[in-house]
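Participant: sequence first, then the predicted structure, then my questions.
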Amino acid sequence: MNKKPTPERETSVSERVRSQYTAAPFPPVSYFPVVSGPPQHRTWLYSFTEIYYHAFRKLRNPAGARLLDAGCGTGHGVHQIRHLAPGAEVHACDFSPSSLAIARQRIEALGGEPVTFHELDLLDLRKLPGKFDAIFCSGVVHHTADPVRALQELKSKLKPDGVLYLMLYSQFGRRPTMLMQRAIKMLSRNPKDQQEGLQVGRMLFDALPSTNPIATWEREKWSDNHRAHPEAFIDMYVNANEKNYSIREVYADLAAAGLQFVRFDKPQLWQLGARMNLPQELQARFQALPALGQYEVIEHLFPDRDQYMFMVTHAGKPPALPAWLVRGSLAGLEHRFTATRSTFIAEINPTTPQPGFSYWSGYFEVLTQLDTLTRDLLDRCDGKGSVADVIASWEKAHGPLVQGRGAEFIRMLEARGLVYLSEIATPPAAIIPLPVPAKPKAATGKPATRKAAKRPPEKPVKKPAKLKPSSRSARRKRR
Ligand SMILES: C[S@@+](CC[C@H](N)C(=O)[O-])C[C@H]1O[C@@H](n2cnc3c(N)ncnc32)[C@H](O)[C@@H]1O
C-alpha cells in the first residue's frame, strides 16, 4: 500500500486522490451543513490560542498571527479556526476545487473577517508566500504519495517558534476499517473503481450480522455515518491512497522531516497508570521506558484510538518549559504565575453533540466532571491576581476542607486544559542581579553566562502526600 515514492507515483497518487475528493468532497455537506454564523461544532484543536499554549505553555493573542489550514477539505476546520482567532490572518489550501468552493461558502456564511484560499497540492506548499505561526493539518498527510515530503513541506512553512497540529491515522484503531477495505477490494471486479467499491461495501454492511465486530465498530464509534453519507464511505472504506501509522512510524516520519512530537491532544490516554491498575513491578518497568516505548505499550494494550492527534514543532528546539512544569509542582511558585480560565470554555456548545465525533465534546465532559469546589476555583481564575491570591481567596472561602490544596488543584485544572498559567513579568526595577561567578572566566575556560545557565534548578518541592488530582503527566520524562 505504501510503495516507494517516485515523481511518477507522486503525480499519479495526487491525481487519484484529487479526483476522489473532487467527486466526493469531505466532510460532506449533508454531514456538516453550511450554516450562517459561528460553527455549530467546535474543538479546541482548531483554536490557535489553545494549541499554542499547550505546545509552548505560553499565552499568545491570536491577533496578528498567521494561520494555515493545510488540506482544509470542505472547511469545517477553517470555519472554526477563523471564528476562534479574531484578528489573525487566516489561509487555507486544498487541491480539490469542489471542496474549496464549499469551504469558501462556509466562510462567507460566517461573515466578518476573511480567509485566503489557495488551490494547491500539499507537496507544493513552498509556493505559498510567507511562514505561519500555526498550521493545522488534519487527515491529509497520510493520503499523499510521500508523507515525509509532505511533512517537510509543512515544516518549510512553519515559523521557527510555530506549532503544527497533525491528525494521522493509527493502524491499531483502524483495524476494522482496514479489514473492510481489503474485503471490498477482494470482492470488486475492478478494485480501483470507487463507485463499485461503494456499492460492494454497502452490500457487505447490509448483510453483516449486527454482532459482527466491524459492523459494531461502525455503529458504535461512528453512528453508521459512513453508511449514511457516500462521500464519507468513500473516504473511509475505498480511499484512493492512505498510510496507517504506528506511533513508532509517526516518530520516524517526523524525525525524517526535521520535526518533533510535543504532545497528544489527550495526554491522559497515553499514561498507563491512568488507564489501568498495574502491579507495581510492571508499572516501574513501564516508567523506565522512553516516552515512545510507553506510547507503544499503550497502543498495543488499548488499540482504541483510530487517529493520532498531536502537536509538533521544529526539531532540536524543545520549548523552554516554565519552572512549575519542570518541577512538576506549583507549590512555592504561586506568586510568580497568574491563572486564566481557558477562552475555549466559552465556546463549548454541549447542546449540539455530533454523532461519531465524541472526542469533540471531550472538553465539555471534563468540565461537567468538576465538583462545585473545583468549579468555584476555576471561576476565580481571571488572570488578574497571582495564583497565590486566587488560592488564598479560595481556601478562605471553603475552609479546612481545601486548606493547603490550592496549588495542586490549579495544576490539575491546567493539566486538563481548563486554565492557562502565565509567568508574571518582573518589573525591571525589581530584577535581582545574578550573583557574580566565584571564579574568573579564564580559570573555568567557560563564559560566565553559560555557567550561570548550568546551575541546577531550584530544589524540587516535596508533594503533599494524599492529593486526589495527582499530576502524572508532569512526572513523565518528556511530554
Ligand atoms: C480526509 S479530508 C480532510 C479534510 C479536513 N482537513 C478535515 O479534517 O475535515 C482530506 C483532504 O485533504 C486533501 N488532500 C489530500 N491530499 C492532498 C494533497 N496532496 N494536496 C492538497 N490537498 C490534499 C483532500 O482534497 C481532502 O480535502
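Facilitator: Looks like it arrived, so ask away.

Participant: spell out which parts of the protein neighbour the ligand.
Facilitator: 14, 17, 21, 26-27, 71-73, 76-77, 94-96, 99, 121-123, 138-140, 143-144, 235 (C-beta under 6 Å from any ligand atom). C-betas here are computed from N, CA, C, even on glycine.

Participant: inside helices: which ones of these?
Facilitator: S14, V17, Y21, H76, G77, S99, D235 (DSSP state H).

Participant: farthest pair in those?
Facilitator: Using C-beta to C-beta, the two most remote members of those are S14 and H76, lying 23.0 Å apart.

Participant: who has more neighbours, the two?
Facilitator: Each of S14 and H76 has its neighbours counted (other C-beta atoms under 10 Å); H76 has more, 26 against 21.

Participant: quick one: the residue in the stretch 1-150 of the chain that the ligand sits nearest to and L208, what's the gap?
Facilitator: In the stretch 1-150 of the chain, the residue that lies nearest the ligand is G73 (2.6 Å; C-beta to the nearest ligand atom). G73 sits at a distance of 29 Å from L208 (criterion: C-beta to C-beta, to the nearest Å).

Participant: who's more crowded, those two?
Facilitator: Between G73 and L208, counted using other C-beta under 10 Å, the more crowded position is G73 (25 against 16).

Participant: contact partners for the more buried one?
Facilitator: Y21, P25, F26, P27, D94, S96, S99, A103, G139 (C-beta atoms under 8 Å, 6 or more residues apart in numbering).

Participant: repeat that with 6 Å
Facilitator: For G73, the contact set (C-beta atoms under 6 Å, 6 or more residues apart in numbering) comprises F26, S99.

Participant: and if you look at E119?
Facilitator: Counting by C-beta under 6 Å, 6+ apart, E119 has contacts P97, L100.

Participant: now name the helix or strand holding H54.
Facilitator: For H54, the enclosing helix or strand under DSSP states H and E is helix 48-56.

Participant: show residues contacting that helix.
Facilitator: For helix 48-56, with C-beta under 6 Å, 6+ apart as the criterion, the contacting residues are 44, 59-60, 62, 65, 67, 85, 134, 163, 165, 262, 311, 319, 343-344, 420.

Participant: for D389, helix, strand, or coil?
Facilitator: helix (DSSP: H, G, I helix; E, B strand; the rest coil).

Participant: same question, F261
Facilitator: Of the three states, F261 takes strand under three-state DSSP.

Participant: check the gap between it and the ligand for me.
Facilitator: 20 Å (C-beta to the nearest ligand atom, to the nearest Å).

Participant: kindly report the same for L325.
Facilitator: 30 Å.

Participant: quick check: what element follows the helix or strand containing that residue along the chain?
Facilitator: For L325, the host element (DSSP H and E) is helix 323-327. Per DSSP H and E, the first helix or strand lying C-terminal to helix 323-327 is strand 337-341.

Participant: CA atoms of that next one as PDB?
Facilitator: Taking C-alpha atoms only, strand 337-341 is exported to PDB below (Å, rounded to 0.1, in the frame of the first residue of the first chain):
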ATOM      1  CA  PHE A 337       2.200  33.000  37.900                       C
ATOM      2  CA  THR A 338      -1.300  34.100  37.000                       C
ATOM      3  CA  ALA A 339      -4.100  31.600  36.200                       C
ATOM      4  CA  THR A 340      -6.600  32.400  33.500                       C
ATOM      5  CA  ARG A 341      -9.700  30.400  32.500                       C
END
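
Participant: residues contacting that strand, please?
Facilitator: Against strand 337-341 from outside (C-beta under 6 Å, 6+ apart): C381, G383, V387, V390, I410, V419, Y420, L421, S422, E423, I424.
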